[in-house]
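[1] show me how the following folds:
(chains A and B)
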Amino acid sequence: MKYQRPTIPRGTRDFGPVEMAKRNFIFSTIKTVFQKFGYQPLETPGMESLSVLMGKYGHEGDQLLFKILNSGDFLKAMSAKDLKDGYRQILRKVSEKGLRYDLTVPFARYVAMNHHKLVFPFKRYQIQPVWRADRPQKGRYREFYQCDADVVGSRSMINEAEIIWMIYEIFSNLGIKSYTIKINHRKILEALSALAGGEGKENTFYIAIDKLEKAGKEKVIRELTDAGFDHEKIDKVFPLLEMAGDTREKIIRLKKLFHSLEAGISGLQEIEETFSHIQDSEINIPNLRFDLSLARGLSYYTGSIFEVTMDDGSIGSLSGGGRYDNLTSLYGVPDIPGVGFSLGVDRIYDVMEKRDLFPDQTSTFTIVLVTTLDAEAVPYSLPLLAKLRSQGISAEIYPDVVKIKKQLNYADRKGIPYVILIGSQEMETGKLTLKSMRTGKQEALDIGAIIEKIKNQMND
RNA sequence: GUGGUUGUAGUUCAGUUGGUUAGAACGCCUGAUUGUGGUUCAGGAGGUCGUGGGUUCAAAUCCCAUCUUCCACCCCA
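    Numbers count the residues shown, from 1 in each chain, chains lettered A, B, ... in the order given. Have a look, this model is predicted:
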């Protein structure tokens, strides 16, 4: 018989019980912090209309969108002429939906559709998978989870400060160390771009200097001069990007430089405000850095931008975000500014796994396995199961009548701490054999005493 | 999307210049112990050599395509 070897698409993964226990630890840690800061949950569909998604992530982003073929005869609107006009023309006729690329754009769509009934400032968190038609690598998947928290309807830098605060708290609670939270501002970069002679080419500037750390100075300068930036002016701007010193020194120096550049000044003011709110909060965030070379490629950011990276550079960014003032206006609802950030669970998982940061935990919830020595023991055992469960004790019975050896082996491998043995002796006396799988010790107790004993253990 | 790389039992890997029945370790199953797991001992099962085509008397081995893995670019969580 010929069969098909099962596979899953490249860049996707299954998560078994052991992995799920660890992933759930990350999810619940993040969720707890989001809720502590007053964010409310939201879920949106995995697929969106392509009209909602296209054009929000820049040219590169459109290519990385997974498109869904129309149902039924998807070719019916096509003509021979369309074929000649190229794939972009064809795409519009055969596909109207796509898988979401991130959680921010669907959120903006949701806000635009529901702004009349939302309470502003609206703070939402969202934990769902996103899809990108990228080439997979380590820490880079085609389906992965993002955990986003965003506020819309507020221009206050309190929001920026709270985002940094949440990032700090989440990473602390996960036990991750030696990472850096970088912050910068698109308006500062806009001013720097102007100083480099690139008015109207800000996006090129952002994308180019975002590579500074990885690709090096020469390549970035070449990319900029190729794009029409002035070589001499670039030489003046570059030392600024690499400027040393603490936040205050950087701000003072830039303020002098920006004296006539309005955008730059207002960007600096917002950075200053953000830092001062953090200071007033009296929390100490040692790994926060004002980094002028942070740019981020996504085209919708207009204000502050953040990113979290590991100091050893072992993996891309773990988190990223920023302020976007015009996203909902693309859907016809102007004047709803927003700011938010996204955590990459899959990369966080990889970092924690590599550094062995997961707390000890079993993927098994079962506390007691009821084993039966023969068929007669089965009907005797079922009411005992009910009693255990009614007391909140997770219990299961081995469903088949097989050798006790096999049943104990099952408990051992699944990491179940207690086993109750039921045989003719137990049924006669009502004293059940309770065995601890850890110590191997066993004792004869009635069901009431067993429940009490296990409950005491659970409370410890 | 561009360039490179990887694929052999469940897992990690051997497999000579193309040459008989493709091996090991661990894991798995069975038994030693018919009411006792994790140790030990004995035995056993398990392979479309990623897939499809080609060259050859003969292919895990050579060639082509494709899928997958990882890496670089691009971009990003």
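[2] for chain A, what helix or strand is lowest in average pLDDT?
    helix A:80-84 (a mean of 77; mean pLDDT, DSSP states H and E).
[3] find the nearest non-adjacent residue to A:Gly423, please.
    Nearest residue to A:Gly423 in three dimensions, chain neighbours excluded: A:Leu373, at 3.6 Å (CB to CB, 6 or more residues apart in numbering). Backbone N, C-alpha and C define where each C-beta goes, glycine included.
[4] residues in contact with that neighbour?
    By CB atoms under 8 Å, 6 or more residues apart in numbering, the residues touching A:Leu373 are A:Ile404, A:Leu421, A:Ile422, A:Gly423, A:Ser424.
[5] from RNA strand B, how far off is the first one?
    As for A:Ile404, its distance to RNA strand B is 4 Å (criterion: CB to the nearest atom of the strand, to the nearest Å).
[6] count the neighbours of A:Thr364 for me.
    Using other CB atoms under 10 Å, A:Thr364 has 18 other residues around it.
[7] now do the SS call for it.
    Following DSSP: H, G, I helix; E, B strand; the rest coil, A:Thr364 is assigned to coil.
[8] thinking it is in contact with A:Gly415, fair?
    Yes - checked against CB atoms under 8 Å, the pair A:Thr364 and A:Gly415 is within contact range at 4.8 Å.
[9] what parts of the stretch 101-250 of chain A come near RNA strand B?
    A:102, A:132-142, A:144, A:146, A:207, A:210-211, A:214-215, A:219 (CB under 7 Å from any atom of the strand).
[10] returning to that earlier point: tabulate the CA atom coordinates of the least confident helix or strand of chain A in CSV.
    What follows is helix A:80-84, C-alpha atoms only, in CSV (Å, rounded to 0.1, in the frame of the first residue of the first chain):
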residue,chain,number,x,y,z
ALA,A,80,-5.3,36.1,-21.4
LYS,A,81,-4.4,39.7,-21.2
ASP,A,82,-4.0,39.6,-17.4
LEU,A,83,-1.3,37.0,-17.8
LYS,A,84,0.7,39.4,-19.9
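[11] so which bits of the next helix or strand after that helix are buried?
    Note on helix A:80-84: by DSSP states H and E, the next helix or strand toward the C-terminus is helix A:87-94. By neighbour count with 16 or more other CB atoms under 10 Å, helix A:87-94 contains the buried residues A:Val94.
[12] from the middle of its chain, how far away would helix A:87-94 be?
    Put simply, helix A:87-94 sits 32 Å off its chain's centre (CA atoms, centre = their mean, to the nearest Å).
[13] any buried residues in stretch A:422-430, and which?
    Those would be A:Ile422, A:Gly423, A:Glu426, for stretch A:422-430 by 16+ other CB under 10 Å.
[14] residue ranges of each domain in chain A, please.
    Using automatic domain parsing, the domain parsing of chain A gives A:17-354, A:368-459.
[15] most neighbours per residue, which of those?
    domain A:17-354 (a mean of 17; mean count of other CB atoms under 10 Å).
[16] mind checking the end-to-end distance for that domain?
    19 Å (CA to CA, to the nearest Å).
[17] now chain A against RNA strand B: closest residue?
    For chain A and RNA strand B, the shortest gap (CB to the nearest atom of the strand) falls at A:Gly297, measuring 1.9 Å.
[18] what about that residue, which SS state?
    coil.
[19] element containing the closest residue to A:Asn184 other than its chain neighbours?
    Sequence neighbours aside, A:Leu294 is the residue nearest to A:Asn184 in space, at 4.1 Å (criterion: CB to CB, 6+ apart). Under the criterion DSSP H and E, no helix or strand holds A:Leu294.
[20] same deal with A:Glu48?
    strand A:47-49.
[21] can you check A:Lys455 too?
    Element membership for A:Lys455, per DSSP H and E: helix A:447-459.
[22] so what's the backbone phi/psi at A:Arg124?
    Phi and psi for A:Arg124, reported as degrees, to the nearest 10, are phi -130, psi 150.
[23] which residues touch it?
    The contact partners of A:Arg124, taken as CB under 8 Å, 6+ apart, are A:Tyr39, A:Gln40, A:Pro41, A:Leu42, A:Phe107, A:Ala149, A:Asp150.
[24] any idea of the pLDDT on the fifth one?
    The predicted local confidence for A:Phe107 comes out at a pLDDT of 97.
[25] please name the bridge partners of the spatially closest residue to it that is not a sequence neighbour.
    What sits nearest to A:Phe107 in space, not counting adjacent residues and going by CB to CB, 6+ apart, is A:Asp150, at 5.8 Å. Beta-bridge partners recorded for A:Asp150 (DSSP bridges): A:Arg124, A:Gly340.
[26] quick check, A:Asp150 in contact with A:Pro106.
    No - counting by CB under 8 Å, A:Asp150 does not reach A:Pro106; the two are 11.0 Å apart.
[27] which outside residues touch stretch A:166-180?
    Stretch A:166-180 has contacts (CB under 8 Å, 6+ apart) with A:26, A:29-30, A:32-34, A:36-37, A:149, A:181, A:283, A:285, A:287-289, A:306, A:308-312, A:318-319, A:341, A:343, A:348, A:351-352, A:355, A:357.
[28] residue ranges with poor pLDDT in chain A?
    A:1-4 (pLDDT under 70).
[29] how many neighbours does the residue lying closest to A:Pro17 once chain neighbours are set aside have?
    Distances taken as CB to CB, 6+ apart put A:Ser363 closest to A:Pro17, at 3.9 Å, once the chain neighbours are dropped. Residues near A:Ser363, counting by other CB under 10 Å, number 14.
[30] what do you get for A:Phe15?
    13.
[31] what's it sitting at in phi/psi?
    phi -120, psi 110.
[32] look up the closest residue to it, ignoring the ones flanking it.
    Excluding its sequence neighbours, the residue lying closest to A:Phe15 (CB to CB, 6+ apart) is A:Arg23, at 6.1 Å.
[33] again, but for A:Ala194
    Among residues not flanking A:Ala194 along the chain, A:Leu261 sits closest, at 6.2 Å (CB to CB, 6+ apart).
[34] for A:Gly153, same thing?
    Of all residues not flanking A:Gly153 in the chain, A:Phe120 sits nearest, at 3.4 Å (CB to CB, 6+ apart).
[35] so that neighbour, which of the three states?
    coil.
[36] what are the ranges of the helices in the stretch 251-400 of chain A?
    A:262-280, A:345-354, A:377-390 (DSSP state H, counting those that start in this stretch).
[37] among those, which is nearest A:Val94?
    Across the helices of the stretch 251-400 of chain A, the minimum distance to A:Val94, taken as CB to CB, is reached by helix A:345-354, at 30.9 Å.
[38] show me what from the stretch 251-400 of chain A comes close to RNA strand B.
    Counting by CB under 7 Å from any atom of the strand, the residues of the stretch 251-400 of chain A that sit close to RNA strand B are A:296-298, A:307-308, A:316-320, A:342-344, A:346-347, A:373.
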